[in-house]
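1. okay, here's the prediction I keep looking at, along with the sequence it came from:
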Protein chains: 2
Amino acid sequence: MDSKEYVVGIDIGGTTTSVGFVDRQGSLLAEMVLDTWGAQPAALLVNRVCDAITRLETSLSRGCRLRAIGIGAPNANYHRGTVENPVNLNWGPSTNLVQLFQEHFTVPLAITNDANAAALGELLFGGARGMKDVIVITLGTGLGSGIIVNGGLVYGADGFAGELGHTVVDPAGRFCACGNRGCLETYVSATGLCRTVSELLAERCEPSPLRDICFSQLTSRQVSEAASRGDGIALAAFDKTARILGMKLADAVAHTRPEAIFLAGGLAAAGELLREPATRYMNEFLFGPYKGKVKLLLSAVTEGNGAVRGAAALAWQELAVTTRS
Amino acid sequence: MDSKEYVVGIDIGGTTTSVGFVDRQGSLLAEMVLDTWGAQPAALLVNRVCDAITRLETSLSRGCRLRAIGIGAPNANYHRGTVENPVNLNWGPSTNLVQLFQEHFTVPLAITNDANAAALGELLFGGARGMKDVIVITLGTGLGSGIIVNGGLVYGADGFAGELGHTVVDPAGRFCACGNRGCLETYVSATGLCRTVSELLAERCEPSPLRDICFSQLTSRQVSEAASRGDGIALAAFDKTARILGMKLADAVAHTRPEAIFLAGGLAAAGELLREPATRYMNEFLFGPYKGKVKLLLSAVTEGNGAVRGAAALAWQELAVTTRS
């Protein structure tokens, strides 16, 4: 437990990639943000990240020791070390990022998808400390999820477990980018909330400033702000979103019975506008023996760079696994 | 790996309780079936089961050694060793069965609910041998489930994880004995199939021998037999049941991504009448990356006494855990 030990957490997004040095307590010691340049080959990004790590190292005091590297990326597979068919990166069907980084480093290295990294971040550094069964839901453009059972992430048979965003709300419902219909993330996500506003603007007659914003310009933050001002359409949109979220979280509880569920990501910034009604609906739909026993909480890792700290949590966990075996 | 070692598997049901001696390969060496007498105190049943074990022991060859005892029971809690609020047993809110048996035996003892025991039976002795991520669905009066992640049963924060029978199909749907509405087991179970037949008899006009059986007398076996003879109502009932099962299994896959899902219990005896269309619907609803990759299979532990062998699997697993620690 040398306090001078640290890991590197790397969060790869479609637009930017963040590199951070994180200690065992989850504190960010140093950080750098790069453009991802997703049209370029992955190897180029790896080289630029390695340069960033070298430069960041000079900012640390002498004697600090790099122990492991963790990477959070879309469509990442922990078992295979790969990023597969990422939507916003022109990397092709499969890129072994772990292998690419291993050409530069000898420390333990692991990759997982961004929602899984967020779940590990919550477990090691956030509100889930001390818990063993947890679900973390990330609400951004889509809905991601990381499921922790008995202290470990659920990866399943192929490393792609935990895709609650694509559970079915309504088989005849909204079209989803995945090709199916009625997926949870078409209702519950920043985008889903805006779609619901659009639906309510058509259904209802009441005036609302949201009628003056075109669909392509509407953001979940605008909906939150309107709701905070008491706008009826915005409040109804949150209520509808919370009801569907609550119903599907009740389903999730019936699977792995977490002690708590955490909401993270952009839409979680709406705070009680979402958490309070979602808790109420979840309890309404929960199977009797679970009612009132599962906490729905806002992520405690949102401050600062949560994604980088999630990737760092993966690194610390990988180090523990490697050391144990 | 002494072949003369055995465990006792005890399956407690509302009507009968089965006691079986099972070896490491899952073979049943001896078995006895008792009336449960659910109106009597649990301690009485425990005494009678102990008597049965003593009598069965005399039928074994000399030198056989009892290593552990596993119990499968409704509403059983692995963590606490209890049976809590069982519907068909007049045992009150909580009975510590493990403690009651420990007064008679010093070997490792464990209890779990019947669906979890079925899942362990499938894992150790059935079609899931060699798999690490599996879901077993038991289709009887209700729908039970046991979820295995990374080789171990998912118990969750309170020992009651894996209640897929109470996930929500339709929040305004059928009334469930649990107090909620639209639970999966009100559609997909022996009882659910019969309810669907009743609904279809009302909806459609075609003649069917099922019109001559009153609701209270109708069994899932009669529906299976009618379907096998090509009865339109029965076939439509299986199709509707399979579609809902397939949709909710797709949801379950999005949680823990099992390698295979097994159907067990009375209604699974319908075989391909259910498995084939449920597989088709499941693949229709599955998230793209999972499509075509998850096997839906019939339990391979149904022959003989599956429930007793499931309880025995729990005993062998408990022995392994105890020996390891």
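-> Looks like it arrived, so ask away.
2. what about stretch A:126-133, start to end distance?
-> When the termini of stretch A:126-133 are compared using Cα to Cα, to the nearest Å, they are 14 Å apart.
3. residues in contact with it?
-> A:26, A:119, A:122-123, A:134, A:136, A:148-151, A:256-260, A:262, A:297-301, B:156-157, B:161 (Cβ atoms under 8 Å, 6 or more residues apart in numbering or on different chains). (C-beta placed from N, C-alpha, C; glycine too.)
4. weed out the non-buried ones from those residues.
-> Neighbour counting by 16 or more other Cβ atoms under 10 Å in any protein chain shown classes A:26, A:119, A:122-123, A:134, A:136, A:148-150, A:256-260, A:262, A:297-301, B:156-157, B:161 among the contacts of stretch A:126-133 as buried.
5. can you tell me which of these end up in helices?
-> Where those overlap with helices, as defined by DSSP state H, the overlap consists of A:119, A:122-123, A:256.
6. farthest-separated two in these?
-> By the measure Cβ to Cβ, A:Glu122 and A:Thr256 form the most distant pair in those, at 15.1 Å.
7. who in the stretch 151-300 of chain A is up against chain B?
-> Near chain B, the residues belonging to the stretch 151-300 of chain A are A:152, A:154-158, A:160-164, A:166-168, A:171, A:178-180, A:183, A:247, A:250-252, A:254-259, A:285, A:287-290, A:293-294 when assessed by Cβ under 8 Å from any Cβ of the partner chain.
8. from those, keep the buried residues only.
-> Neighbour counting by 16+ other Cβ under 10 Å classes A:152, A:154-158, A:160-164, A:166-168, A:178, A:180, A:183, A:247, A:250-252, A:254-259, A:285, A:287, A:289-290, A:294 among those as buried.
9. quick one, helices of the stretch 101-250 of chain A?
-> A:114-125, A:190-203, A:220-228, A:232-256 (DSSP state H, counting those that start in this stretch).
10. so which bits of the last one are buried?
-> When burial is assessed from 16+ other Cβ under 10 Å, helix A:232-256 yields the following buried residues: A:233-256.
11. could you give the angle of it to helix A:220-228?
-> Angle, helix A:232-256 to helix A:220-228, by axes from the mean of the first three to the mean of the last three Cα atoms, to 10 degrees: 110 degrees.
12. mean confidence score for helix A:232-256?
-> Model confidence over helix A:232-256, given as mean pLDDT, is 98.
13. how far away from the center of its chain is that helix?
-> Chain-centre distance of helix A:232-256: 18 Å, with Cα atoms, centre = their mean, to the nearest Å.
14. so which elements touch it?
-> With contacts defined as 3 or more Cβ pairs under 8 Å, 6 or more residues apart in numbering or on different chains; DSSP states H and E, the secondary structure elements packing on helix A:232-256 are strand A:134-139, strand A:143-149, helix A:190-203, helix A:220-228, strand A:260-264, helix A:272-285, helix B:232-256.
15. show me what the fourth one is packed against.
-> Packed against helix A:220-228 by the contact rule (3+ Cβ pairs under 8 Å, 6+ apart) you find helix A:190-203, helix A:232-256, helix A:272-285.
16. for B:Glu272, which of the ones you listed is the nearest?
-> Relative to B:Glu272, the nearest member of those by Cβ to Cβ is helix A:232-256, separated by 27.0 Å.
17. how about stretch A:89-101: buried residues?
-> A:89, A:91, A:95, A:97-98, A:100-101.
18. return the distance of it from the chain's centre.
-> The chain centroid and the centroid of stretch A:89-101 are separated by 20 Å, computed with Cα atoms, centre = their mean.
19. end-to-end on that stretch?
-> 18 Å.
20. and chain B, is it touching that?
-> No: for a cut-off given as Cβ under 8 Å from any Cβ, stretch A:89-101 has no contacts with chain B; the smallest distance is 11.8 Å.
21. give me the contacts around that stretch.
-> Contacting residues not belonging to stretch A:89-101 are listed as A:12, A:14, A:36, A:38-43, A:46, A:49-50, A:69, A:71, A:73-74, A:76, A:80-85, A:109-111 [Cβ under 8 Å, 6+ apart].
22. centroid residue for chain A?
-> Here the mean C-alpha position of chain A is nearest to the C-alpha of A:Ala115 (Cα atoms, centre = their mean), at a distance of 3.3 Å.
23. wait, isn't that residue in contact with A:Ile135?
-> No: at 10.0 Å, A:Ala115 and A:Ile135 do not qualify as touching, with contact defined as Cβ atoms under 8 Å.
24. mutual contacts of these two, please.
-> Each of A:145-146 lies in contact with both A:Ala115 and A:Ile135 under the rule Cβ under 8 Å, 6+ apart.
25. how deep is the residue nearest to A:Gln222 when sequence neighbours are not counted tucked in, by neighbour count?
-> For A:Gln222, ignoring the flanking residues on the chain, the nearest one in space by Cβ to Cβ, 6 or more residues apart in numbering or on different chains is A:Ile213 at 6.4 Å. Burial of A:Ile213, expressed as a neighbour count using other Cβ atoms under 10 Å in any protein chain shown, amounts to 17.
26. against A:Ala270, how distant is A:Ile213?
-> Counting by Cβ to Cβ, to the nearest Å, the separation of A:Ile213 from A:Ala270 is 17 Å.
27. who touches stretch A:21-30?
-> In this structure, residues lying in contact with stretch A:21-30 by Cβ under 8 Å, 6+ apart are A:1, A:3, A:5-9, A:20, A:31, A:56, A:59-60, A:64, A:121, A:124-126, A:301, A:304-305, A:308-309, A:312-313, A:315-316.
28. filter the residues you listed down to the buried ones.
-> The neighbour-count criterion (16+ other Cβ under 10 Å) marks A:6-9, A:20, A:31, A:56, A:64, A:121, A:124-126, A:301, A:305, A:308-309, A:312-313, A:315-316 among these as buried.
29. stretch A:93-112: how far from the chain's middle?
-> Centre-to-centre, stretch A:93-112 and its host chain are 21 Å apart (Cα atoms, centre = their mean).
30. and stretch A:79-88, by the same measure?
-> Centre to centre, stretch against its chain (Cα atoms, centre = their mean), the figure for stretch A:79-88 is 16 Å.
31. likewise for stretch A:205-223?
-> In terms of Cα atoms, centre = their mean, the gap separating the centre of stretch A:205-223 from the centre of its chain is 26 Å.
32. span of it from start to end?
-> Between the opening and closing residues of stretch A:205-223 we find a distance of 17 Å, counting by Cα to Cα.
33. what's the average pLDDT for that stretch?
-> What stretch A:205-223 shows for mean pLDDT is 97.
34. just stretch A:70-79 next, same as before
-> 94.
35. in contact with the residue of chain A most remote from its centre, which residues?
-> Of all residues in chain A, the one whose C-alpha sits farthest from the chain's mean C-alpha position, using Cα atoms, centre = their mean, is A:Cys205 at 36.0 Å. Remark: with contacts taken as Cβ under 8 Å, 6+ apart, A:Cys205 is in contact with nothing.
36. if I look at it, how far off is chain B?
-> Noted for A:Cys205: a distance of 25 Å to chain B, by Cβ to the nearest Cβ, to the nearest Å.
37. state the distance from that residue to A:Arg229.
-> The spacing between A:Cys205 and A:Arg229, counted by Cβ to Cβ, is 19 Å.
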